[in-house]
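> Below: sequence and its predicted model.
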Amino acid sequence: MSATSGDAVIQVEHMSKEFVLRKRAGRFRREKVVVRAVDDVSLSVGAGELLGYIGPNGAGKSTSIKMLTGILVPSAGSIRVAGVDPQRRRVELARRIGVVFGQRTQLWWDLPLRDSFDLLRHVYRVPAERHAANFASFVDLLDMGSFLDTPVRQLSLGQRMRGDLCAALLHDPSILYLDEPTIGLDVVSKSRVREFLAEVNAERGVTIVLTTHDLSDVERLCSRLVVIDHGRVIHDGTVAEIKDRFGEFRTVVVDLEEAVPALSIPNCETVRVDGVRQWIRFRRTDVSAASVVASIAAVAKVRDLAIEEPDIEDVVTRIYTESP
Amino acid sequence: MALALDKPTVRELAHIYRVMAGARIRADWQYRVSFFGYTFTQGLITVLDFLQIAVIFGQVDSLGDWSIAEVSFLYGTSAVAFHLGDLFVSQVERASQRIRLGTFDSLLIRPLGTMFQLCADDFAFRRVGKLVQGTAVLVYAVTALDVEWTVGRVGAFAMMLVAGTAIFSAIWVISASLSFWLIEASELMNSFTYGSSFATEYPLHIMGKWLRRLLTFVVPAAFVNYYPSLYILGRTDPFGVPGGVRFASPAVALVLVLVARAAWANAVRHYRSTGS
């Protein structure tokens, strides 16, 4: 559910970001090309939301996140995060947010993992007892006990990501940004990261904004999904809403008693035939599944059937390929 | 909430600096062989560097009418000021490298200034070696000089080292700021920093007119040691530079530090608006 501006911790209005690229034109001349990486994005994120921010490569996801953290300054529009203008009060904002870049670690590369956590206590000036309590809780939740004394450069990717998550949260930020937190992780590490994020969101009330290419992240974690392409928001709603809107097709898969040519069912399309099995696609708005099944049963003997819902992967592929 | 949202005090900053620099020293200690190798070769290079002066004075008795003790005094003050700046501030030149690698962003998500973090986080203890060598030359020069150490001279001497360190540090910061625009131009940037260090090892008046002007008005390295040394050594500039210039170093340092701060702020603003 999209939050009202009253309890919004992130409030973005008409945010745009233009980059000037210099392209070679002729031997010495260079031409200026203006690229709109983010184009008029408005967004409001309520306290405690877990928002998935998705889009194809180069859609403007990372640029958006960088503006919300105060790294980049927008070309136009206004941003307020945790009550602060990230552009003018970057340092103040930095205490209230945690940031994880999946591709780059914030940890001290050559030192034991434990040392990074201790250093961050000083950098963020976290009171010692508070830090110790958070540290103990995260070490437990992320199961880091066995590699706390290993230098960061020797950690596996999954271990390092757990370390980075802990590092981003030790100062009790109210907002956590994650740019591709599960990139390159194996299935077990991925699910551990997801469980941890769900826990941090539920127990600590941390607002989470996460960009990802892994749609199973989104499906398991996010109550709300913002899809961005060519710098523009093309969808903002729940996962169920996006499936309704873009995933209007459902498919009945039937196993018939005997192989017959493709069935012709009113308001439906038989998209595939494989022996006795047929795939019959219909628009959820045109007919109900029950009436489709009834129509099939009227013309053929059905041994077994299943109804396939659109999965998020298909939905998003459709959005990406259909948007201009 | 007990979270510190106020600005850190100078004491807290000093503490954070110690902790971060200490972490870097511990990290570098992982690569001991490289550490000692660097310290050894740098020590050798700086010794050879000073030997140049000894070689020159093996052929002539004076350089621009200055004795070996006086030239050593210039060399020592230049080296101490330069290597203090090198030790504590030159890390800012890592900014362009971080921009290329994309790790400059990590500085911007932490609740500290970018320059502070670079200086603390990239602290390189191995640079102490060159500072020790410079100090040794300076100690030799001071004992060899035939100068009466009045209160005024001692004060001017202390002021000269402080202002000199500030001037060199400011030059590092200004050239690092320029590298935000000219990421590939580190060689050019080094000509400002190492160039001004080299130029201050010798008396200014033995150089050509344009170089003298450059080192006074453009990259004011002559204020690091030459002009204040005129007072301390009881010398006059053969080209008739006004006497007040001998005491202008603190003012020049202050102006240069302010310019450096503005240049750095501008460079970071440029990065935050272009992302490159």
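Right, received. Where do you want to start?

> Would you mind listing what in the stretch 151-276 of chain B touches chain A?
Neighbours of chain A within the stretch 151-276 of chain B, by Cβ under 8 Å from any Cβ of the partner chain: B:269, B:272-276. (C-beta placed from N, C-alpha, C; glycine too.)

> biggest helix in chain A by residues?
Secondary structure of chain A read by DSSP state H shows that its longest helix is helix A:187-204.

> by contact count, what packs against that helix?
Packing contacts for helix A:187-204, counted by 3 or more Cβ pairs under 8 Å, 6 or more residues apart in numbering or on different chains; DSSP states H and E, involve strand A:50-54, helix A:157-169, strand A:175-179, strand A:207-212, helix A:215-221.

> quick one: residue A:35 is in a helix?
No. Looking at residue A:35 with DSSP: H, G, I helix; E, B strand; the rest coil, it is strand, so not inside a helix.

> Strand A:50-54 and the longest helix of chain A, what's the angle between them?
Put simply, helix A:187-204 runs at 140 degrees to strand A:50-54, going by axes from the mean of the first three to the mean of the last three Cα atoms, to 10 degrees.

> Centre of the chain to helix A:187-204, how far?
On the basis of Cα atoms, centre = their mean, to the nearest Å, helix A:187-204 sits 13 Å off its chain's mean C-alpha point.

> And stretch B:61-73, by the same measure?
For stretch B:61-73, the gap between its own C-alpha mean and the chain's C-alpha mean amounts to 23 Å (Cα atoms, centre = their mean).

> who touches that stretch?
The list of residues contacting stretch B:61-73 from outside it, by Cβ atoms under 8 Å, 6 or more residues apart in numbering or on different chains, reads B:53-54, B:56-57, B:74, B:137-138, B:140-142, B:144-146, B:202-203, B:205-206, B:229, B:232-233, B:235, B:238.

> quick one, what contacts the residue of the stretch 51-200 of chain B found nearest chain A?
Relative to chain A, the nearest point of the stretch 51-200 of chain B is residue B:111 (4.0 Å; Cβ to the nearest Cβ). In this structure, residue B:111 makes contact with A:91-92, A:94-95, A:123-125, judged by Cβ under 8 Å, 6+ apart.

> And those, which of them are buried?
A:91-92, A:94-95, A:123-125 (16 or more other Cβ atoms under 10 Å in any protein chain shown).

> Okay, helices next: where are they in the stretch 101-250 of chain B?
Ranges of helices in the stretch 101-250 of chain B, per DSSP state H, counting those that start in this stretch, are B:104-108, B:114-121, B:128-144, B:151-178, B:186-199, B:209-213, B:226-232, B:249-274.

> In CSV, list the ones you listed along with mean pLDDT and mean neighbour count.
CSV is the format used below for the helices of the stretch 101-250 of chain B (pLDDT from 0 to 100; neighbours: other Cβ atoms under 10 Å in any protein chain shown):
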stretch, mean pLDDT, mean neighbour count
helix B:104-108, 93, 21
helix B:114-121, 95, 21
helix B:128-144, 91, 18
helix B:151-178, 95, 20
helix B:186-199, 83, 16
helix B:209-213, 92, 12
helix B:226-232, 95, 23
helix B:249-274, 95, 17
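
> Quick check: residues of the stretch 1-150 of chain A near chain B?
Taking Cβ under 8 Å from any Cβ as the criterion, the stretch 1-150 of chain A approaches chain B at residues A:19-20, A:63, A:66, A:69-73, A:75, A:87, A:90-92, A:94-97, A:99, A:101, A:104, A:106, A:108-111, A:115, A:119, A:122-127, A:130.

> Of these, which belong to strands?
Secondary structure from DSSP state E places A:19-20, A:97, A:99, A:101 of the residues of the stretch 1-150 of chain A next to chain B in strands.

> wait, which of the contacts of residue B:111 is closest to residue B:214?
Looking at these and their distance to residue B:214, the nearest is residue A:91, at 37.7 Å (Cβ to Cβ).

> For residue A:102, see how far away that closest one is.
For residue A:91, the distance to residue A:102 (Cβ to Cβ, to the nearest Å) stands at 24 Å.

> repeat for residue A:44
Computed with Cβ to Cβ, the distance linking residue A:44 and residue A:102 is 25 Å.

> Comparing the helices and strands packed on helix A:187-204 by mean pLDDT, which bottoms out?
Of all the helices and strands packed on helix A:187-204, helix A:215-221 carries the lowest average pLDDT, namely a mean of 84.

> Name the residues that touch that helix?
Applying Cβ under 8 Å, 6+ apart, the contact partners of helix A:215-221 are A:50, A:52, A:54, A:181-182, A:190, A:194, A:197-198, A:210, A:212, A:225, A:239, A:312-313, A:316.

> how about a cut-off of 6 Å?
Counting contacts by Cβ atoms under 6 Å, 6 or more residues apart in numbering or on different chains, the residues outside helix A:215-221 that touch it are A:50, A:52, A:182, A:194, A:225, A:312-313, A:316.

> quick one: average pLDDT of whatever helix or strand comes next after that helix?
Secondary structure here is assigned by DSSP states H and E; on that basis, the next helix or strand after helix A:215-221 toward the C-terminus is strand A:224-229. Strand A:224-229 comes out with an average pLDDT of 90.

> Could you spell out the sheet neighbours of strand A:224-229, each with its direction?
Paired with strand A:224-229 in the same sheet, following DSSP bridges, are strand A:50-54 (parallel), strand A:232-238 (antiparallel).

> Residue B:82 is nearest to which of these?
Residue B:82 lies closest to strand A:50-54 among the strands paired with strand A:224-229, at 48.3 Å (Cβ to Cβ).

> quick one: that closest one to chain centroid distance?
Here the centre of strand A:50-54 is set off from its chain's centre by 4 Å, with Cα atoms, centre = their mean.

> Buried residues in it, which are they?
A:50-54.

> same question, stretch B:31-44
Of all the residues in stretch B:31-44, those buried under the rule 16+ other Cβ under 10 Å are B:35, B:38-39, B:42.

> And stretch A:282-300, by the same measure?
Judged by neighbour count (16+ other Cβ under 10 Å), stretch A:282-300 contains these buried residues: A:282, A:287, A:292-293, A:295-296, A:300.

> average pLDDT across that stretch?
Predicted confidence along stretch A:282-300 averages 89 (mean pLDDT).

> ok, of the buried ones among the contacts of residue B:111, which one's closest to residue B:255?
Within these, the smallest distance to residue B:255 is 26.5 Å, found for residue A:91 (Cβ to Cβ).

> In contact with that closest one, which residues?
Applying Cβ under 6 Å, 6+ apart, one finds that residue A:91 lies in contact with residue B:111.

> Model confidence score at it, please.
The per-residue pLDDT of residue A:91 was computed as 92.

> what bits of the stretch 101-250 of chain A have low per-residue confidence?
Within the stretch 101-250 of chain A, the set of residues satisfying pLDDT under 70 is empty.

> Perfect, I'm done here.
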